[in-house]
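A.B. asks: sequence first, predicted coordinates after that:
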Amino acid sequence: MIKVIEMAHNSYRKLKEKTIETALFLSALSSVLITIGIVVVLSYESFGFFKEISLREFFTETQWTPLFAEPKFGILPLVSGTLLTTAIALIVALPLGLTVTVYLSEYAPHKVREVIKPILELLAAVPTVVYGYFALLFLTPILQKFIPDLSGFNALSPGIIMGIMIIPYVSSVSEDAMKAVPMHIREGSYAMGATKLQTAFKVVIPSAFSGIAAAFIIGISRAIGETMVVAIAAGGMPNLTANPLEPVQTLTAYIVQVSLGDAPHGTVEYKTIFAAGITLFFMTLGFNILGFWLRKRIREVY
Amino acid sequence: MVKELKAEVKKLNFYYGGVQALKEINLPIERRKVSALIGPSGCGKTTFLRCFNRMHDLYPHNRYEGEITLYPDNINIISPEIDPIEIRMQISMVFQKPNPFPKSIYENVAYGLRVRGTSKRAVLDEKVEKSLRGAALWDEVKDRLHHLAFDLSGGQQQRLCIARALATDPRILLFDEPTSALDPTATSKIEELIIQLKDEVTIIIVTHNMQQAARVSDYTAFMYLGEIVEYDKTDRIFTAPSNKLTEEYITGRFG
């Protein structure tokens, strides 16, 4: 009798486990399916675009004017705008982010760290549209005082703001990497008579190098994908230039522009957003793969 | 034979916050000899060793009392007026686990010289070779000085750490259980090396392994509960200890 009850109990438990496992699997599956769905739609729609516009024109034409009477479909101005704002962001985020990280990981007393870290993470919580207006209405006028040639819309100001915006992403991941450097490695450096600064820059940063690099790549991906700041403050003018003082348009800002407009479904104008989208997708994918590869390498060192 | 002292510990007390870890330690450190610190886990031998290069200064709430006098210039190593960095430039340490830096073999050895501002290639080249020879590693690595130090085996990495410690011509070399992470072959190489090195430098070694203390050291201090129970020539400690506790420890009855 007891055995029967036990068996019934066992099979009930197994059923319950199975149900939970299936539910968990399905929710994991859904995220995979959604990703695949996005890629499929992106590919399908941009395939339609490339049936009409050759890849050759797409990559060699130096103008992007799909909405004009005589449309030109060269993606380079948008790619250059994206890379330019991202590079400016990186130039700001690299030294600042690294300084913040070194301070938090090597210098800050525990109590100070507990205060600064949440404040820093708050930077990530500011809505990007606020950053955008901040770039346009606050930073650009200040910069114009120093650089009279600076146009009202430009790559510089949103680039700087994006740099500040990605500092929390960069410093939080690279701080984890630096904290993961074992104490005995630091002690080895101190025991040779090194100062804190020497230890941080000559030993801790090289030890955590792949983690720090991965952090910056996450930051780069974030900057490439950033939309609101550049849509508001960069000017919305596809411009194949390396001059940060001129207005530019990024891939993301272009997509916003067309999505908000009234390009009829099925037209080439409409399909350009998918072409821009898939270009963006491959750019961020490339950086994410690089970041993933670098992060995997961290674990091999220790 | 006249004994020559390299350092002398006088009434040393050490506290981790409110906890006293070392009690009234008095100990002479003979010049160009190997002094071993033995004792059961938690007896304070590593804590004691780390006083010599002020490693405790890296962490908050640690406090020293008393004196460790370094001869011939009579400076008190643990005095708060003395900059720990100055001390660490003169007293090197080899750690329990090999801890090479993520740099080339060459740069690992040159590290101590570089942090104190030496950058002349010729000087560095010479010191690196001399130190690697001193650590019996030169022949194994001379053809790949610019390879990453992580490519070396554990025993080689530990000898690299010894070379790194030697490169700055230390006055005292501290070893904190240097072979506890190594296999027997690598261990015996390190032990031979320690015996060779004492011709040039004063050595203090902490070891868990009593045979090791017997093999490499000239003097041995037995520590228990933060105190030095007995200090004598190594032969005497291991053949005719005068304290009952020492005898029990070395015969393996506790610890």
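C.D. replies: Good, I have the coordinates. Numbers count the residues shown, from 1 in each chain, chains lettered A, B, ... in the order given.
A.B. asks: and stretch B:125-132, how far out from the chain's middle?
C.D. replies: For stretch B:125-132, the separation from the chain centroid amounts to 20 Å (computed by Cα atoms, centre = their mean, to the nearest Å).
A.B. asks: ok, now stretch B:62-70?
C.D. replies: Going by Cα atoms, centre = their mean, where stretch B:62-70 is centred and where its chain is centred differ by 17 Å.
A.B. asks: can you check stretch B:18-37 too?
C.D. replies: With Cα atoms, centre = their mean as the basis, the distance from the averaged C-alpha position of stretch B:18-37 to the chain average is 12 Å.
A.B. asks: can you give me the first-to-last residue distance of it?
C.D. replies: Its first and final residues considered, stretch B:18-37 spans 24 Å by Cα to Cα, to the nearest Å.
A.B. asks: next: stretch A:231-251.
C.D. replies: Across its full length, stretch A:231-251 reaches 10 Å end to end, with Cα to Cα as the criterion.
A.B. asks: so for it, what's the average pLDDT?
C.D. replies: Here the mean pLDDT over stretch A:231-251 is 91, rounded to a whole number.
A.B. asks: ok, now stretch B:128-147?
C.D. replies: Mean per-residue pLDDT for stretch B:128-147: 94.
A.B. asks: check stretch B:189-201 too.
C.D. replies: 93.
A.B. asks: how about that stretch as CSV, C-alpha atoms only?
C.D. replies: Below are the C-alpha coordinates for stretch B:189-201, written out as CSV (Å, rounded to 0.1, in the frame of the first residue of the first chain):
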residue,chain,number,x,y,z
LYS,B,189,65.4,22.5,-7.6
ILE,B,190,64.1,25.4,-5.6
GLU,B,191,65.7,24.0,-2.4
GLU,B,192,69.1,23.7,-4.1
LEU,B,193,68.7,27.2,-5.3
ILE,B,194,68.0,28.5,-1.8
ILE,B,195,71.1,26.8,-0.5
GLN,B,196,73.2,28.4,-3.3
LEU,B,197,71.7,31.8,-2.8
LYS,B,198,72.6,32.2,0.8
ASP,B,199,76.2,32.9,-0.2
GLU,B,200,75.0,36.2,-1.5
VAL,B,201,71.8,37.1,0.4
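A.B. asks: tell me if it is near chain A.
C.D. replies: No. Between stretch B:189-201 and chain A, judged by Cβ under 8 Å from any Cβ of the partner chain, nothing touches; the nearest distance is 15.1 Å. For glycine as for every other residue, the C-beta is placed from the backbone atoms N, C-alpha and C.
A.B. asks: centre of the chain to that stretch, how far?
C.D. replies: Put simply, stretch B:189-201 sits 12 Å off its chain's centre (Cα atoms, centre = their mean).
A.B. asks: which residues touch that stretch?
C.D. replies: Contact with stretch B:189-201 is made by B:32-34, B:134-136, B:155, B:158-159, B:162, B:166, B:170-173, B:175, B:178-179, B:182, B:203, B:205, B:212, B:215-216, B:218, as judged by Cβ atoms under 8 Å, 6 or more residues apart in numbering or on different chains.
A.B. asks: which ChimeraX command selects the buried ones in those residues?
C.D. replies: With 16 or more other Cβ atoms under 10 Å in any protein chain shown as the criterion, this ChimeraX line picks the buried residues out of the contacts of stretch B:189-201:
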select /B:33,34,134,135,136,155,158,159,162,166,170,171,172,173,175,178,179,182,203,205,212,215,216,218
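A.B. asks: among the contacts of stretch B:189-201, which lie within strands?
C.D. replies: B:Val34, B:Ile172, B:Leu173, B:Phe175, B:Ile203, B:Ile205 (DSSP state E).
A.B. asks: and which of those is nearest chain A?
C.D. replies: B:Leu173 (11.0 Å; Cβ to the nearest Cβ).
A.B. asks: quick revisit: in a markdown table, list the ones in strands among the contacts of stretch B:189-201 along with distance to A:Val230.
C.D. replies: A markdown table is the format used below for the ones in strands among the contacts of stretch B:189-201 (distance: Cβ to Cβ, whole Å):
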| residue | distance to A:Val230 |
| --- | --- |
| B:Val34 | 67 |
| B:Ile172 | 61 |
| B:Leu173 | 59 |
| B:Phe175 | 59 |
| B:Ile203 | 63 |
| B:Ile205 | 62 |
